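**Student:** I'll drop the sequence and a predicted model, then ask my questions.
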Amino acid sequence: MKIASFNINGIKARIETLPAWLDEADPDVVLLQEIKSVDENFPREIFEDRGFTVETHGQKGFNGVAILSKLPLEDVTRGLPGNNDDTQARYIEATVIGTRPVRLCGLYLPNGNPAPGPKYDYKLAWLHRLHARANDLLALEEPFLMGGDFNVIPQDEDAKYPGAWSDDALALPQSRAAFRRMLHLGLTDAFRARTQGPGHYTFWDYQGGAWNRNNGIRIDHMLLSPHCADLLTDCQIDSAVRGGDKPSDHVPIWVTLDA
DNA sequence: ATGTCACTTTAGAAGTGA
């Protein structure tokens, strides 16, 4: 089973390039972030025509997540537990039924800038709620995957110019510590389980010729529960997508699981 | 830091979020 995550930065803006990537990469499941669309306006037919089931959790103007799946989905839930006052559409869960079921958590973590400030407080609170959700799922001792745009640069080696990010919400010590606490629960960073060393990025800013200078950061991640990590056979970043026509500022990351 | 992009309100440019 091939499961991808892709922050598309607007479904309307990616109406040509997203289907083109789907046809080429042929994932079974895709976790989408920043669809920037309400559910009613999401162009589901484009994906249903390709054999995908479509589950959205949209919002007007910004945020919004979705799951596309060629395999059956069960028990879809929307929103990250832990704060009923949180109106931002950043989280969706579903169980995909392959040769064995895997619980999928698609997430778009708050950016958090400027830090310090209320936006950073919201980011840290959101990370705390995500940690709690992971802890609850771990108790079930079943395979699950948390994938998406975490807006966290885990280590200096995950940025071309780490010094430029030292005061940024994506790299502040509290952000990194919260991400590490997820790993300390026993979750596996799928990309780092397969590939070590610097120079691997999932985001290049539109500004400053970042792509041409390879001024990137690794902020899109796939965290696997222990039972899911046992099924991991590959994890790759489709970085070439950033150099294509009308690209998102993020590129897809995907895993293959023996499931 | 910035050689940008996508969205909204609202009908042209400005604000916002990233």
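**Tutor:** Nice, thanks for sending it over. Note that the structure is a prediction, hence the values are computed from the model and not measured. Numbers count the residues shown, from 1 in each chain, chains lettered A, B, ... in the order given.
**Student:** mind checking the end-to-end distance for stretch A:203-213?
**Tutor:** Between the opening and closing residues of stretch A:203-213 there is a gap of 12 Å (CA to CA, to the nearest Å).
**Student:** swap that for stretch A:81-99, sorry
**Tutor:** For stretch A:81-99, the separation between the terminal residues is 28 Å (CA to CA).
**Student:** Check which residues of it are buried.
**Tutor:** Residues of stretch A:81-99 classed as buried by neighbour count (16 or more other CB atoms under 10 Å): A:Asp86, A:Gln88, A:Ala89, A:Arg90, A:Tyr91, A:Ile92, A:Glu93, A:Ala94, A:Thr95, A:Val96, A:Gly98. C-betas here are computed from N, CA, C, even on glycine.
**Student:** Is any residue of stretch A:116-126 near DNA strand B?
**Tutor:** Yes - remark: stretch A:116-126 sits within contact range of DNA strand B at A:Lys119, by CB under 7 Å from any atom of the strand.
**Student:** C-alpha coordinates for that stretch, CSV please?
**Tutor:** This file holds the C-alpha atoms of stretch A:116-126, laid out as CSV (Å, rounded to 0.1, in the frame of the first residue of the first chain):
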residue,chain,number,x,y,z
PRO,A,116,6.3,34.3,20.7
GLY,A,117,2.6,35.2,20.6
PRO,A,118,-0.9,33.8,20.5
LYS,A,119,-0.3,32.0,17.2
TYR,A,120,2.7,30.2,18.7
ASP,A,121,0.7,29.3,21.8
TYR,A,122,-1.9,27.8,19.6
LYS,A,123,0.7,25.7,17.8
LEU,A,124,2.2,24.4,21.0
ALA,A,125,-1.3,23.6,22.4
TRP,A,126,-2.1,21.8,19.1
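**Student:** In that stretch, which residues are buried?
**Tutor:** Of the residues in stretch A:116-126, those buried under the neighbour-count criterion (16+ other CB under 10 Å) are A:Tyr120, A:Tyr122, A:Lys123, A:Leu124, A:Trp126.
**Student:** Can you give me the pLDDT of the nearest residue to the second one once chain neighbours are set aside?
**Tutor:** In this case it means A:Tyr122. Nearest residue to A:Tyr122 in three dimensions, chain neighbours excluded: A:Pro110, at 5.4 Å (CB to CB, 6 or more residues apart in numbering). According to the per-residue confidence, A:Pro110 scores 98 in pLDDT.
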